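In: pasting the structure only:
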Ligand code: COA
């Protein structure tokens with residue numbers, strides 16, 4: 001029987017520069033109180049100019065490999081979830097492959113926005129389960145500051161920069177590792193959250209720059225409505241499918257877009273607050289990085305034991321959404 005994939009190393013990287021809510025009070029018409037009450041965010045980290053998502057991803061990847069005791073040369077495949085690649089091509093996976101010296105790996109980027117890390121991990125899992133690869137690196141990295149309009153109060157307070165990475169290897173025990181996932185999308189939601197410019201439909205031009213088409217656009221109220229229902233539904237679906245009682249869940253690691261969206265999912269699963277990873281106050285929404293970064297923090301804090309049931313949940317642009325069930329294997 002094919003083996004499951006298990007996480008054998010996890011780490012993250014956060015750039016040192018911090019933008020606080022107080023900083024935003026000087027930049028746009030907002031208040032610390034508004035941002036905290038509506039989103040839960042207090043501060044976010046911003047990567048310096050001259051560095052891209054691959055820099056953060058490579059940093060997190062190197063540390064995850066050390067955690068796993070795997071050398072870069074042993075990695076066979078790299079999957080990078082990002083909506084802020086360093087450039088249109090070459091892909092970020094190739095850039096990270098070079099930076100970490102994973103000279104035997106091939107790599108590809110996955111654009112699944114805030115669900116990108118779950119999508120990328122699900123894809124990587126297939127290569128382990130079929131026996132095709134034994135050591136795969138999955139990275140979630142986003143420099144959201146690169147596509148954020150710091151004059152638009154509707155979006156600029158929400159996002160931050162970070163990366164997280166995991167190493168996947170075959171699990172000898174079929175009860176441990178990535179047990180299942182549910183992945184969905186609803187492209188009719190694309191019009192509510194997007195970055196229009198720079199692709200083949202609207203290539204970069206003076207007009208796209210003048211019309212601010214290279215920045216994130218979000219209809220926050222509509223996205224919020226879909227996200228609250230979407231993330232809770234897909235997480236409940238995987239829990240019910242596997243007949244898991246809320247008391248048996250050790251940690252829910254949800255995408256960090258808005259505290260109120262996370263609360264809705266936690267309430268639906270009837271989870272005690274200490275079982276829900278919350279770090280949105282420190283980092284804001286770092287898109288593909290939120291889940292591996294959350295997992296890394298939980299693991300570093302010593303909160304996970306072998307066999308613990310862990311859930312990932314996400315909702316994002318596309319719309320994309322997904323949930324993942326794993327039993328911790330380290
Ligand atoms: N400071 C002060 N006021 C702000 C503001 C800010 N930073 N940003 C928006 N506002 C204003 C709006 O202009 C609006 O004013 P109006 O009523 O005069 O038009 C008012 O606050 C309420 O706006 P609204 O959009 O209804 O607020 P909200 O409670 O929905 O919160 C978000 C806004 C963006 C925080 C929230 O909608 C959200 O989190 N959306 C989903 C994000 C998400 O999940 N994205 C997908 C994953 S990436």
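Out: Done, it's in. Computed from a predicted model, the values in this text were never measured in an experiment.
In: only C-alpha atoms for contact and neighbour calcs from this point on.
Out: Fine.
In: for the chain, which residues are neighbours of the ligand?
Out: Residues of the chain found near the ligand (C-alpha under 6 Å from any ligand atom) are 30-31, 34-35, 38-39, 114, 153-154, 157, 220-221, 223-224, 227, 257-258, 315-316.
In: could you flag which of the residues you listed are buried?
Out: 30, 35, 39, 114, 153-154, 157, 223-224, 227, 257-258, 315-316 (16 or more other C-alpha atoms under 10 Å).
In: isn't residue 262 up against residue 256?
Out: Yes. The pair residue 262 / residue 256 is scored as a contact, 7.2 Å apart, by C-alpha atoms under 8 Å.
In: show me where the chain has strands.
Out: Under the criterion DSSP state E, the chain contains strands at 4-13, 18-20, 43-45, 77-81, 106-110, 136-143, 161-171, 177-185, 193-194, 217-218, 249-254, 309-316, 320-327.
In: ok so, going back, looking at the residues of the chain next to the ligand, which are in helices?
Out: Cross-referencing the residues of the chain next to the ligand against helices under DSSP state H gives 34, 35, 38, 39, 153, 154, 220, 221, 223, 224, 227.
In: quick one: residues contacting the residue nearest the centre of the chain.
Out: By C-alpha atoms, centre = their mean, the chain has its centre lying nearest to residue 288, at 2.6 Å. Residue 288 makes contact with 81-83, 112-117, 140-142, 163 under the criterion C-alpha atoms under 8 Å, 6 or more residues apart in numbering.
In: quick one, which of the strands of the chain is packed in tightest?
Out: strand 136-143 (a mean of 33; mean count of other C-alpha atoms under 10 Å).
In: given that strand, what are its sheet partners and their directions?
Out: strand 77-81 (parallel), strand 161-171 (antiparallel) (DSSP bridges).
In: got those as JSON lines, with mean pLDDT columns?
Out: Below are the strands paired with strand 136-143 laid out as JSON lines (pLDDT from 0 to 100):
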{"stretch": "strand 77-81", "mean pLDDT": "99"}
{"stretch": "strand 161-171", "mean pLDDT": "98"}
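In: quick check on residue 269: phi, psi?
Out: Main-chain dihedrals, residue 269, degrees, to the nearest 10: phi -90, psi 0.
In: list the contacts of it.
Out: Residue 269 neighbours (C-alpha under 8 Å, 6+ apart): 232, 236, 246.
In: same thing but 7 Å
Out: 236, 246 (C-alpha atoms under 7 Å, 6 or more residues apart in numbering).
In: now do residue 148
Out: Here residue 148 is in contact with 156, 215, 216 (C-alpha under 7 Å, 6+ apart).
In: how much space separates the second one from residue 195?
Out: Looking back up the chat, that one is residue 215. 6 Å (C-alpha to C-alpha, to the nearest Å).
In: please say which of those two ends up with more neighbours.
Out: residue 215 (24 against 18; other C-alpha atoms under 10 Å).
In: can you tell me the closest non-neighbouring residue to the more buried one?
Out: The spatial neighbour of residue 215 that comes closest, neighbours along the chain excluded (C-alpha to C-alpha, 6 or more residues apart in numbering), is residue 147 at 4.6 Å.
In: ok, that neighbour to residue 214 distance?
Out: Counting by C-alpha to C-alpha, the gap from residue 147 to residue 214 is 6 Å.
In: so for the two, which sits in the more crowded spot?
Out: Remark: of residue 147 and residue 214, residue 214 carries more neighbours, 22 against 18, as counted by other C-alpha under 10 Å.
In: for the buried ones among the residues of the chain next to the ligand, work out which two are farthest apart.
Out: 30 and 315 (25.8 Å; C-alpha to C-alpha).
In: let me see the contact set for residue 208.
Out: If you count contacts by C-alpha under 7 Å, 6+ apart, residue 208 has them with 197, 214.
In: repeat that for the one 5 residues further on.
Out: Shown here is residue 213, whose contacts under the criterion C-alpha under 7 Å, 6+ apart are 195, 196, 197.
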